[in-house]
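A.B. asks: Okay, predicted coordinates and the sequence, questions at the end:
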Amino acid sequence: MAKQKSIKINFIMNIILTMSSFLFPLITFPYISRILLANGTGKVDFATSVINYFNMIAQLGIPTYGIRVCAQVRDDRQKLTRVAHELLIINLIMSIISYIILFNAIQFIPRFHSDKELLMIISFTIILTSIGMEWLYKALEQYTYITIRSIIFKFIALVAMFMLIHSQSDYVIYGAISIFASSASNIFNFINAHKYIGFKPVGNYHFLKHLKPIFVFFGMACATTVYTNLDTVMLGFMKSDVDVGYYNAAVKMKNIFVSVVTSLGTVLLPRASYYIKSGDRSSFNKVSKQAMNVVVLISLPLVVYFFIYAKYGILLLSGKAFLNSVVPMRVIMPTIVLIGLSNITGIQILVPLGYERIVLFSEVIGVLVDLVVNWLLIPYFGATGAAVGTLIAEFVVLLVQFPYARREVKNMFSNIKFYKFAIALSLATVSSIIVLYFALPTFITLAISAILFFGVYLVILLLLKESMIIKLYYDITSKFIKNRGEE
């Protein structure tokens, strides 16, 4: 078992990976949205959401289940090889079934047939995800490799976007480059896998033993994919591509911050599964509480700041043509906190403990709530109605999971002093709002206000001796002093 320090390394790598995901749309989307406009970006977003459903069928519950089961046997190459082969074969069979369903859907559904070229291009993500075996690399905690690989392909895609997209009709090219950025590196995953598993058949395969847990995780994946993409698909059918474009401009911002907040939970899943398998409940409880503290520390300021500066964020990322995205963005921002918390209660706590059915039940309830709210509000409020649906659905998911998680991890919030966060956020808000009274350019407004807001937030928490900030402060200063001493 790796030393505890590797959690920090993995977390840092995952943060870098997340920041690359932040920088990629931050650099490209202002350019893309001004060329393709809401209609063009809406077409790609709608097609991507549709393909996500077919990719969900192909993947079953393997992306999450694979992390857990591979982490449990990662010290035995023979067992790891057998499990990886079993999951990969199941994955490929389901990919073939998914493509058959997709081809028929494109043929018989007029809305799909009109964009068949775009749908087919984006569908490459299905096979690329299957052969990528990302679950294997995460189970082995190979976050440095995942990060470097991802950044290289995003950089290539970045150059390609500026070189190849010049008119509104280039939305198909935009879709292709987006898939290249997110999935093409999976080819190297497949090739590189020989370092960790054998490629020759090892025999004695037991596919059936995986099916029951896989289908439980598949139910979870279904629920997650449905309510993640339900808003976009319903907007596409009930309103227009323009409404989809407005909504997804807001969602892009939200997704960036959700990725930052959930990075630690992603890193800790294989470690938590290992602790449970080893019977080390003390270490399991400790990392769960720390993860909860980190989520609160990061998510609260992001929600408050980007609620206040939603207009400027949209102007910088998408331009004036997307000002109708401001209200949906403000509505959907609190989901950053809700998703961050449910990621810990569900993926980090309940899944390693074997309570997948509770997580599945919570997500099914979330889907039903999202469906009903969307059906009622989208016809009247468009993108804002879809944002309300997502907000309520995420709250319901957390509401269902929390009692079970709290029972397993006693005093889950015992280390979190919420009054300190309230004081820090209040003072940070007051200090940054001053910037709004000056007619400064968008980028300068965001830059100055962000420095003031997050700077004051961190300083106040440091003065109030918030535990995580104090720990971070001493880690940084001790390393600095050590490095100076070595010189």
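C.D. replies: It's in. All values reported here derive from a predicted model rather than from experimental measurement.

A.B. asks: The closest residue to Leu60 other than its chain neighbours: which element?
C.D. replies: Distances taken as CB to CB, 6 or more residues apart in numbering place Phe218 nearest to Leu60, at 4.3 Å, with adjacent residues excluded. Heads up, the C-betas are built off the backbone N, CA and C, glycines and all. Assigned by DSSP states H and E, Phe218 falls within helix 208-238.

A.B. asks: Any buried residues in that helix, and which?
C.D. replies: By 16 or more other CB atoms under 10 Å, the buried positions in helix 208-238 come out as 210, 213-214, 216-236.

A.B. asks: other SSEs contacting it?
C.D. replies: Contact here means 3 or more CB pairs under 8 Å, 6 or more residues apart in numbering; DSSP states H and E; on that basis helix 208-238 packs against helix 5-59, helix 62-72, helix 77-108, helix 241-278, helix 356-381, helix 383-408.

A.B. asks: Would you mind putting the ones you listed into TSV with mean pLDDT, distance to Ser185 and mean neighbour count alongside?
C.D. replies: Output for those, formatted as TSV (pLDDT from 0 to 100; distance: least, CB to CB, whole Å; neighbours: other CB atoms under 10 Å):
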stretch	mean pLDDT	distance to Ser185	mean neighbour count
helix 5-59	74	12	20
helix 62-72	83	16	24
helix 77-108	90	17	17
helix 241-278	72	17	23
helix 356-381	89	28	19
helix 383-408	89	29	22
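
A.B. asks: Quick check: which of those is nearest to Ser426?
C.D. replies: helix 241-278 (20.6 Å; CB to CB).

A.B. asks: which residues touch Asn229?
C.D. replies: By CB atoms under 8 Å, 6 or more residues apart in numbering, the contact set of Asn229 is Ser49, Val50, Asn52, Tyr53.

A.B. asks: Relative to Tyr247, how far out is it?
C.D. replies: According to CB to CB, to the nearest Å, Asn229 and Tyr247 sit 11 Å apart.

A.B. asks: One more: Phe217?
C.D. replies: Separation of Phe217 from Tyr247 (CB to CB): 28 Å.

A.B. asks: Check the offset of stretch 152-162 from the chain's centre.
C.D. replies: Here stretch 152-162 is found 21 Å from its chain centre; the criterion is CA atoms, centre = their mean, to the nearest Å.

A.B. asks: let me redo that: stretch 125-137
C.D. replies: Worked out by CA atoms, centre = their mean, stretch 125-137 lies 16 Å from the chain centre.

A.B. asks: Please export the C-alpha coordinates of it as CSV.
C.D. replies: In CSV, the C-alpha atoms belonging to stretch 125-137 read as follows (Å, rounded to 0.1, in the frame of the first residue of the first chain):
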residue,chain,number,x,y,z
THR,A,125,-16.6,8.5,-27.9
ILE,A,126,-18.4,5.2,-27.3
ILE,A,127,-15.7,2.9,-28.6
LEU,A,128,-12.9,5.2,-27.5
THR,A,129,-14.2,5.2,-23.9
SER,A,130,-14.6,1.4,-23.9
ILE,A,131,-11.0,0.7,-25.0
GLY,A,132,-9.6,3.4,-22.7
MET,A,133,-10.1,1.5,-19.5
GLU,A,134,-9.9,4.7,-17.4
TRP,A,135,-11.2,2.7,-14.5
LEU,A,136,-8.0,0.6,-14.5
TYR,A,137,-5.7,3.6,-14.3
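
A.B. asks: quick one: average confidence on it?
C.D. replies: For stretch 125-137, mean pLDDT rounds to 87.

A.B. asks: gap between the spatially most central residue of the chain and Ala321?
C.D. replies: With distances taken as CA atoms, centre = their mean, the chain has Ser259 as the residue nearest its mean C-alpha position (4.2 Å). Distance, Ser259 to Ala321, using CB to CB: 25 Å.

A.B. asks: and if you look at Glu466?
C.D. replies: Counting by CB to CB, the gap from Glu466 to Ala321 is 41 Å.

A.B. asks: So between those two, which is more surrounded?
C.D. replies: Glu466 (22 against 16; other CB atoms under 10 Å).

A.B. asks: Next up, phi/psi of the more buried one, please.
C.D. replies: phi -70, psi 130 (degrees, to the nearest 10).

A.B. asks: Tell me which residues touch it, please.
C.D. replies: Leu297, Lys417, Lys420, Phe421, Ala424.

A.B. asks: Now do the SS call for the last one.
C.D. replies: Assigned state for Ala424: helix (three-state reduction, DSSP: H, G, I helix; E, B strand; the rest coil).

A.B. asks: close enough to count as contact, it and Leu462?
C.D. replies: No: with contact defined as CB atoms under 8 Å, Ala424 does not reach Leu462; the gap is 9.3 Å.

A.B. asks: before we move on, the earlier item: out of the helices and strands packed on helix 208-238, the one nearest Ile187 is which?
C.D. replies: helix 77-108 (14.2 Å).

A.B. asks: tell me what that closest one is packed against?
C.D. replies: Helix 77-108 is packed against helix 5-59, helix 62-72, helix 110-113, helix 116-122, helix 124-132, helix 208-238, with contacts defined by 3+ CB pairs under 8 Å, 6+ apart.

A.B. asks: Need those in JSON lines (columns: distance to Thr429).
C.D. replies: Below are these laid out as JSON lines (distance: least, CB to CB, whole Å):
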{"stretch": "helix 5-59", "distance to Thr429": "23"}
{"stretch": "helix 62-72", "distance to Thr429": "37"}
{"stretch": "helix 110-113", "distance to Thr429": "44"}
{"stretch": "helix 116-122", "distance to Thr429": "40"}
{"stretch": "helix 124-132", "distance to Thr429": "40"}
{"stretch": "helix 208-238", "distance to Thr429": "29"}
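
A.B. asks: Which among these is found nearest to Met163?
C.D. replies: Nearest to Met163, of all the helices and strands packed on helix 77-108, is helix 5-59, at 11.4 Å by CB to CB.

A.B. asks: Okay, the closest residue to Thr262 other than its chain neighbours and Ala193: tell me how far apart.
C.D. replies: Excluding the flanking residues, the one nearest Thr262 by CB to CB, 6+ apart is Asn343, at 4.5 Å. Distance check for Asn343 against Ala193: by CB to CB, it reads 27 Å.
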